[in-house]
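Participant: The sequence and its predicted three-dimensional model are supplied below.
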Amino acid sequence: MHYEEVETLLRRSEDYLELANEAFEREKYDTAVFLVEQALQLYLKAVIIKYSDVRLRTHSIRELLKGVGDALEAEDRIVEFIRQNRGLLRELEDAYTKARYEPRIYYREDAQELMEFALKVWDFVEGLVDAFERRIEE
């Protein structure tokens, strides 16, 4: 395990999440959506590196989730999660480019929905991590 690399990614993901919340409170919704997507990307990359020592070179949340599924031996659960949440996952991925390069405007409701969804993804993956760690301890 690459402890320092994983810890750096986790720290950055938490920092970006905090900044996303601050941006949201300041009504900077485009920035909030961009930062929450970045926070989630870094968190997923940290999980993949920690449990499989693989570095995926992608910005796709769906591809990163598949990497998490491989790392945590939870492929079926990931596939089902992606299937059930395809639309919101796509919107969150779009935030990576649209918030920076296109004249897309995110309104409060849009930003709130995507930020809440990003936390749902985060919680889902944390549950997979907990289940994986319990299995390997047995």
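Facilitator: That came in fine, so what should we check first? Bear in mind that the values here come from a model prediction, so they are computed numbers and not experimental data. Residues are numbered from 1 along each chain as shown.
Participant: where in this protein is pLDDT low?
Facilitator: The model of the chain has pLDDT under 70 over residues 1, 99.
Participant: other SSEs contacting the longest helix anywhere in the chain?
Facilitator: Longest helix in the chain by number of residues (criterion: DSSP state H): helix 108-137. With contacts taken as 3 or more C-beta pairs under 8 Å, 6 or more residues apart in numbering; DSSP states H and E, helix 108-137 sits against helix 3-25, helix 29-52, helix 61-71, helix 75-84, helix 86-101. C-beta here means a position set from N, CA and C on the backbone, and glycine is covered the same way.
Participant: Which one, of those helices, ends up nearest to Arg108?
Facilitator: Minimum separation from Arg108 across the helices and strands packed on helix 108-137 (C-beta to C-beta) falls at helix 29-52, 6.0 Å.
Participant: mind checking how far the closest one is from the chain centre?
Facilitator: 4 Å (C-alpha atoms, centre = their mean, to the nearest Å).
Participant: Measure how it sits relative to helix 86-101, angle-wise.
Facilitator: Interaxial angle of helix 29-52 relative to helix 86-101 (axes from the mean of the first three to the mean of the last three C-alpha atoms, to 10 degrees): 120 degrees.
Participant: Output stretch 6-19 in PDB with nothing but the alpha carbons.
Facilitator: The C-alpha trace of stretch 6-19 is given here as PDB (Å, rounded to 0.1, in the frame of the first residue of the first chain):
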ATOM      1  CA  VAL A   6      -3.400   7.500  -0.400                       C
ATOM      2  CA  GLU A   7      -3.400   9.900   2.500                       C
ATOM      3  CA  THR A   8      -2.600  12.900   0.300                       C
ATOM      4  CA  LEU A   9      -5.500  12.000  -2.000                       C
ATOM      5  CA  LEU A  10      -7.900  11.600   0.900                       C
ATOM      6  CA  ARG A  11      -6.800  14.900   2.500                       C
ATOM      7  CA  ARG A  12      -7.300  16.700  -0.800                       C
ATOM      8  CA  SER A  13     -10.700  15.100  -1.400                       C
ATOM      9  CA  GLU A  14     -11.800  16.300   2.100                       C
ATOM     10  CA  ASP A  15     -10.300  19.800   1.400                       C
ATOM     11  CA  TYR A  16     -12.200  20.000  -1.900                       C
ATOM     12  CA  LEU A  17     -15.400  18.800  -0.300                       C
ATOM     13  CA  GLU A  18     -15.000  21.500   2.300                       C
ATOM     14  CA  LEU A  19     -14.400  24.100  -0.400                       C
END
